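Engineer: Sequence first, predicted coordinates after that:
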Amino acid sequence: MAKILIIGACGQIGTELTKKLRSIYGKDEVIASDVRKGDVEFVASGPFEVVNALDFNQVQAVIEQYNVEDVYLMAALLSATAEKNPAFAWDLNMNSLFHVLNLAKAGKIKKIFWPSSIAVFGPTTPKQNTPQYTVMEPSTVYGISKQSGERWGEYYHNIYGVDIRSIRYPGLISWSTPPGGGTTDYAVDIYHKALADGKYTCFLSEETRLPMMYMDDAIRATVEIMQAPAGNIKIRSSYNLSAMDFTPEEIAEAIKKHIPDFTIDYAPDFRQKIADSWPQSIDDSNARQDWGWKHDFDLEAMTADMLEHLAGEKG
């Protein structure tokens, strides 16, 4: 039987995606892999291989060993972390993609999912309701690599017929995995600190509006775009994807409805400049039209669910 391989399975998205895909297709059909072993329980929950995404031979070997047809390439150095190590970020984010694209070109795999990001946009991009097709002048290492990856993905589809599918994730928020070095991570950390300390110091300013999405919606979008008929996928660079947008001040107000004594203060750091270069809201009408995307969670619903799960964990 054909198998699914997730490269970068121990990351913030990869962990959730692995669980979801195993719940759909069965645990033995989904091979998790990462450069090192993660949580013991997670590693024991199904097939797991230690694979360096930068090692072409390792990637090819695991694909051949398990008769893999679909690859989800989730390995990446995220925005804030990438700024501290630009050369490695470029190497990881780009060469891991080339490995998978070339394996698909050679007929070793049938379908690729590769995530892009709102980081492909830059200071010159329209900030409100950012269109699918617009000015893209990213100013971060992460954004530059993701924009380049979009162009290469579309090229391999147009020239070699590679079935690659991609979405531009907004900021992602999850209760089950810790922040992974992204600029939008404040919106994860704030819930943890609200329950643990009743206060939070935010590394972005109070009026910084960014597009966000609850992890449940992001995982569902990832699965749905891969399940869609190939003819429905009209965009082979990457689809805009959206659910909600808010500021730190607005998320704090949502938390106060559950924890009235919660307080927040602000100490913007280098991540503020990154956030300022990104859109404030996203137009994802192409995804909604082409493959039926729709989100379930808004800020209120997400806040209630986050606090419930995190309180349950602590309890």
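Structural biologist: It's in. Residues are numbered from 1 along each chain as shown.
Engineer: Against which helices or strands is the helix or strand harbouring residue 142 packed?
Structural biologist: Assessed by DSSP states H and E, residue 142 sits inside helix 141-160. Other elements packing on helix 141-160 under the criterion 3 or more CB pairs under 8 Å, 6 or more residues apart in numbering; DSSP states H and E are helix 79-84, helix 86-90, helix 96-105, strand 116-117, strand 164-165. (Each C-beta comes from the backbone N, C-alpha and C, glycine too.)
Engineer: Show the contacting residues for residue 49.
Structural biologist: Residues in contact with residue 49 (CB atoms under 8 Å, 6 or more residues apart in numbering) are 31-33, 62.
Engineer: do you know how far it is from residue 32?
Structural biologist: 8 Å (CB to CB, to the nearest Å).
Engineer: Show me the contacts of residue 49 that map onto strands.
Structural biologist: In strands, judged by DSSP state E, the following of the contacts of residue 49 are found: 31-33.
Engineer: okay, and the helix or strand of this structure with the least pLDDT?
Structural biologist: Ranking every helix and strand in the chain by mean pLDDT, DSSP states H and E puts helix 79-84 at the bottom, with a mean of 88.
Engineer: Run the chain-centre distance for that one.
Structural biologist: Helix 79-84 has its C-alpha centroid displaced from the chain centroid by 15 Å (CA atoms, centre = their mean, to the nearest Å).
Engineer: same for it, what does it pack against?
Structural biologist: Contacts defined by 3+ CB pairs under 8 Å, 6+ apart place helix 79-84 against helix 141-160, helix 271-276.
Engineer: in this protein, what residue sits furthest out from the centroid?
Structural biologist: residue 261 (32.1 Å; CA atoms, centre = their mean).
Engineer: give the contact list for it.
Structural biologist: residue 198.
Engineer: Could you pull up phi and psi at it?
Structural biologist: Main-chain dihedrals, residue 261, degrees, to the nearest 10: phi -90, psi 0.
Engineer: confidence score at it?
Structural biologist: Model confidence at residue 261, expressed as pLDDT, equals 98.
Engineer: Ok, the one 5 residues further on next?
Structural biologist: According to the model's per-residue confidence, residue 266 sits at a pLDDT of 98.
Engineer: List phi and psi for it.
Structural biologist: According to degrees, to the nearest 10, residue 266 has phi -130, psi 130.
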